[in-house]
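K.L.:
Got a predicted model here, sequence first, then my questions.
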Amino acid sequence: MDAVYHVLYDELDAAVRRVCGENPKLQTQLDDWVEMVEQKRLRPYSELVTDLITT
């Protein structure tokens, strides 16, 4: 399913990087997070209005 999720990005990004960075077993989760961000499938909630207007 192709989707874009608007999240409280700053807080979630910091948490994912902290938790995954502390536990080598979670490296795959961190890699997946980075990939989603690079693909712009995870976007800051603050961009929701702009995205709704332009779609």
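P.N.:
Okay, I see it.

K.L.:
For the closest residue to residue 9 other than its chain neighbours, give the beta-bridge partners.
P.N.:
Of all residues beyond its chain neighbours, the one nearest residue 9 is residue 44 (3.8 Å), with distances taken as C-beta to C-beta, 6 or more residues apart in numbering. From N, CA and C alone the C-beta is placed, and that goes for glycine too. The residues paired with residue 44 through beta bridges, assigned by DSSP bridges, are residue 7.

K.L.:
and residue 44, how many neighbours does it have?
P.N.:
Each residue near residue 44 was counted by other C-beta atoms under 10 Å, and the total is 13.

K.L.:
The chain should start at 144 in everything you say after this.
P.N.:
I'll keep to 144 as the first residue from here, and by that count the last item is residue 187.

K.L.:
Tell me which residues touch it, please.
P.N.:
Applying C-beta atoms under 8 Å, 6 or more residues apart in numbering, we find residue 187 in contact with 149-153.

K.L.:
Let me see the confidence value for residue 152.
P.N.:
Per-residue confidence at residue 152 stands at 82 (pLDDT).

K.L.:
Check the spacing between it and residue 167 real quick.
P.N.:
25 Å (C-beta to C-beta, to the nearest Å).

K.L.:
number of nearby residues for residue 163?
P.N.:
19.

K.L.:
buried stuff in whichever strand or helix holds it?
P.N.:
Taking DSSP states H and E as the definition, one finds residue 163 inside helix 152-165. Within helix 152-165, the residues that qualify as buried are 152, 156, 159, 163, counting by 16 or more other C-beta atoms under 10 Å.
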